[in-house]
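Colleague: sequence and predicted model, in that order:
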Amino acid sequence: MVSQEQRRRQLAREKFLRQQQRRTAARRKSRMRNSVIASVLGVIVIGSLALYTTGALKDNGSKQENANSEVSPTPPSKAPDPCEKPAEGKVRTATWKKEPALTVDKSAKYTMKLATTCGDIDIALKASAAPHTVNSFEFLAGKRYFDHSKCHRLTTKGIFVLQCGDPTGTGTGGPGYNIPDENLKDKSLKNNIYPAGTIAMANTGQKNSGGSQFFLVYQDSQLPPSYTPFGTVSESGMKVLKKIAGAGESTGAGDGAPNATVVINRATVTKS
């Protein structure tokens, strides 16, 4: 027979065990919760450090700008647009089934003028070294194919080019035909460097895939010699390119649409 005192002690022990179990379970939950919180805080700290490091790598020498960016999430305002408003008019989206007949005079001098919203870019074309390319540009300019088109891409890291020649402004447009690669052993291309002032054809990465898109090199750029160089930008034209590059590009990552409003109001090719 269990006495009343023994029964009381048994109930007390059971109560104590239940309390211990609850406390153990509570401590386990607390550890799990703290572990989760620590993990989240770790991610936040790591993310913050990554953002800080990225910001430091992108720093232009102003520590105050980094300090301000940590205080406020508001992105810095863009520099004023150095270019004018585009002339009135619409781009033309005509395409052709085949390359135009080769009528360029290889012995003559050809120049191309890109009258842009940022200033005129004059280019001496290499008709004898790249006749198909120059012939195509003379044809397309005569059809006013480039007029009112945007220069859709600016790169400011790794390579330094302004890309134009797509009336759609997307980087995917073209005249409907392709032209062959030319002049890939041009003497100006040394050690896979396209020197500042070069104008060359963009392509898809495949041979003979050039269309109407081209790029203007505003600073020496290392590229494989697979892009047809077909002209040289004048000194005054280089100043225009530098102005465009100075305004930066839209992503902040070094490859995006130019912040400057770069539109080709009129493109002309002249023979002399």
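Modeller: Nice, I can see it.

Colleague: now tell me what touches the host helix or strand of residue 268 from outside.
Modeller: Using DSSP states H and E, residue 268 maps to strand 263-271. Residues from elsewhere that reach strand 263-271 (CB atoms under 8 Å, 6 or more residues apart in numbering): 83, 86-87, 89, 105, 108-117, 125, 134, 137-138, 140-142, 144-151, 164. (Each C-beta comes from the backbone N, C-alpha and C, glycine too.)

Colleague: immediately after the lowest-mean-pLDDT helix or strand in the chain, which helix or strand?
Modeller: Ranked by mean pLDDT, DSSP states H and E, the weakest helix or strand in the chain is helix 63-71, scoring a mean of 40. Counting by DSSP H and E, the element after helix 63-71 in chain order, helix or strand, is strand 110-116.

Colleague: show me where this protein has helices.
Modeller: Along the chain, counting by DSSP state H, helices occupy 4-57, 63-71, 131-142, 235-246.

Colleague: worst mean pLDDT among the ones you listed?
Modeller: Note on the helices of the chain: lowest mean pLDDT is at helix 63-71, with a mean of 40.

Colleague: can you pull up the bridge partners for residue 216?
Modeller: residue 162, residue 199 (DSSP bridges).

Colleague: pLDDT score for it?
Modeller: Per-residue confidence (pLDDT) for residue 216: 98.

Colleague: next, count neighbours for it.
Modeller: Using other CB atoms under 10 Å, residue 216 has 26 other residues around it.

Colleague: cool, and residue 88?
Modeller: By the measure other CB under 10 Å, the count of residues near residue 88 is 7.

Colleague: can I assume residue 228 is in contact with residue 198?
Modeller: No - at 10.4 Å, residue 228 does not count as touching residue 198 under the criterion of CB atoms under 8 Å.

Colleague: that older thread, mind listing what's buried along the strand holding residue 268?
Modeller: The neighbour-count check on strand 263-271 (16 or more other CB atoms under 10 Å) flags 263, 264, 265, 266, 267, 269 as buried.

Colleague: can you redo the residues you listed as JSON lines with pLDDT and distance to residue 237?
Modeller: Below are the buried residues of strand 263-271 laid out as JSON lines (pLDDT from 0 to 100; distance: CB to CB, whole Å):
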{"residue": "263", "pLDDT": "98", "distance to residue 237": "16"}
{"residue": "264", "pLDDT": "98", "distance to residue 237": "13"}
{"residue": "265", "pLDDT": "98", "distance to residue 237": "15"}
{"residue": "266", "pLDDT": "98", "distance to residue 237": "15"}
{"residue": "267", "pLDDT": "98", "distance to residue 237": "13"}
{"residue": "269", "pLDDT": "98", "distance to residue 237": "15"}
